[in-house]
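Undergrad: A predicted structure for the sequence below; I have some questions about it.
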Amino acid sequence: MKAVLVIVFVGCVSLHGLGDELVPDAFIDVRTIAPDIQLEMRYVTDDNFVGAPVDGYLDPICYLARPAAFALAKVQEAVQSDGYGLVMFDCYRPQRAVNHFVRWSEGKDAATKQQYFPDLDQSQLFELGYIAKRSGHSRGATVDVGLLKLSSNHSSDDLGRERPTKCQHRFERSKAEGHVDFGSDYDCFDAMSHTASQEVSQHAITNRRYLVEVMARFGFENYDKEWWHFTYRPEPFPETYFDFPIINE
């Protein structure tokens, strides 16, 4: 029998170069294996709860640890068979971006309050679990995701009833772009965004259940305070928080 040499690297990850400025070999751009996945990476722009581009987001790219990326590609195949496609709001998040969120939370009177956290003060977002000082996104296996309609066979999201007055500032635009209605906007920090919330329409509840089920089928676990937030299990790097910038190499 031939001997097999197995080398295990503990506490380090091979990089394409020195320092923390390059993408680890253990990570991959999701669209290189699932090009039909759509990106709406809002932290690259000022269209987010901070109201400005977030540190570390230089290009709209969805980097993930390879096992999570390949699992997400399988989710894309599954939802496509049902007439949908994935739209990614966030994937890997550099620690420097999380640090940006911390600094922002220490400010006052954010201009984005009414759009993203109408009933809370920005300083409460950490203690209530909407933002973390150490984010699972920085470990490379957590995603923020929604769905786009690829088929006209799906019923309309406009149910003819008065819509909620909060967490809806992007609804009409998102509807026009083909987004599935989940009852509250992405990154709206409110009880309406809790996955099991009954404050949204039955249509939105059904859509949330579908997303949770299809993601779970391929190893992604939902965070119950955010319908869009999922973590692949087991995490490839459960103790490592990466800080390389999101940039097209």
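TA: Nice, I can see it. Numbers count the residues shown, from 1 in each chain.
Undergrad: gap between the helix or strand bottoming out on mean pLDDT in the chain and the chain center?
TA: When each helix and strand of the chain is scored by mean pLDDT, DSSP states H and E, helix 171-176 comes last, with a mean of 89. On the basis of C-alpha atoms, centre = their mean, to the nearest Å, helix 171-176 sits 19 Å off its chain's mean C-alpha point.
Undergrad: in that helix, what counts as buried?
TA: Buried residues in helix 171-176, defined by neighbour count with 16 or more other C-beta atoms under 10 Å: Phe171, Ser174. Yep, even glycine has a C-beta here, placed from its N, CA and C like the rest.
Undergrad: Tell me if Ser123 really is in a helix.
TA: Yes. Counting by DSSP: H, G, I helix; E, B strand; the rest coil, Ser123 is part of a helix.
Undergrad: now it, nearest residue through space, not along the chain?
TA: Using C-beta to C-beta, 6 or more residues apart in numbering and skipping the chain neighbours, the partner closest in space to Ser123 is Ser105 (5.8 Å).
Undergrad: okay but that neighbour is in contact with Leu125, surely?
TA: Yes. With contact defined as C-beta atoms under 8 Å, Ser105 reaches Leu125; the gap is 6.1 Å.
Undergrad: on that earlier part again, burial measure for the residue nearest to Ser123, as a count.
TA: For Ser105, the neighbour count with other C-beta atoms under 10 Å is 17.
Undergrad: For the residue lying closest to Arg66 once chain neighbours are set aside, which residues are in contact?
TA: In space, and not counting its chain neighbours, Arg66 is closest to Ile28: 5.2 Å by C-beta to C-beta, 6+ apart. By C-beta atoms under 8 Å, 6 or more residues apart in numbering, Ile28 lies in contact with Tyr63, Leu64, Arg66, Ala69.
Undergrad: ok, now which ones touch the residue nearest the centre of the chain?
TA: The centre of the chain sits closest to Asp144, judged by C-alpha atoms, centre = their mean, with a distance of 1.4 Å. Residues counted as contacts of Asp144 (C-beta under 8 Å, 6+ apart) are Met88, Phe89, Asp90, Cys91, His137, Tyr186, Asp187, Glu226, Trp228, His229, Phe230.
Undergrad: Which one of those is nearest to Lys74?
TA: If you rank the contacts of Asp144 by distance to Lys74 using C-beta to C-beta, Phe230 comes first, at 13.3 Å.
Undergrad: What residues does that closest one make contact with?
TA: Contacts of Phe230 by C-beta under 8 Å, 6+ apart are Thr142, Val143, Asp144, Val145, Met215, Phe220, Glu221, Asn222, Tyr223.
Undergrad: one more time with 7 Å, if that's ok
TA: Thr142, Val143, Val145, Met215, Phe220, Glu221, Asn222 (C-beta atoms under 7 Å, 6 or more residues apart in numbering).
Undergrad: now do Asp119
TA: Listed by C-beta under 7 Å, 6+ apart, the contact partners of Asp119 are Asp190.
Undergrad: can you check Phe242 too?
TA: Pro24, Tyr92, Pro94, Gln95, Ser138, Gly140.
Undergrad: hmm, back to that, among the contacts of Phe230, who's most crowded?
TA: Val143 (27 neighbours).
Undergrad: just to revisit the earlier point, as TSV, the contacts of Phe242 with distance to Tyr57 would be great.
TA: Output for the contacts of Phe242, formatted as TSV (distance: C-beta to C-beta, whole Å):
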residue	distance to Tyr57
Pro24	17
Tyr92	10
Pro94	8
Gln95	13
Ser138	13
Gly140	15
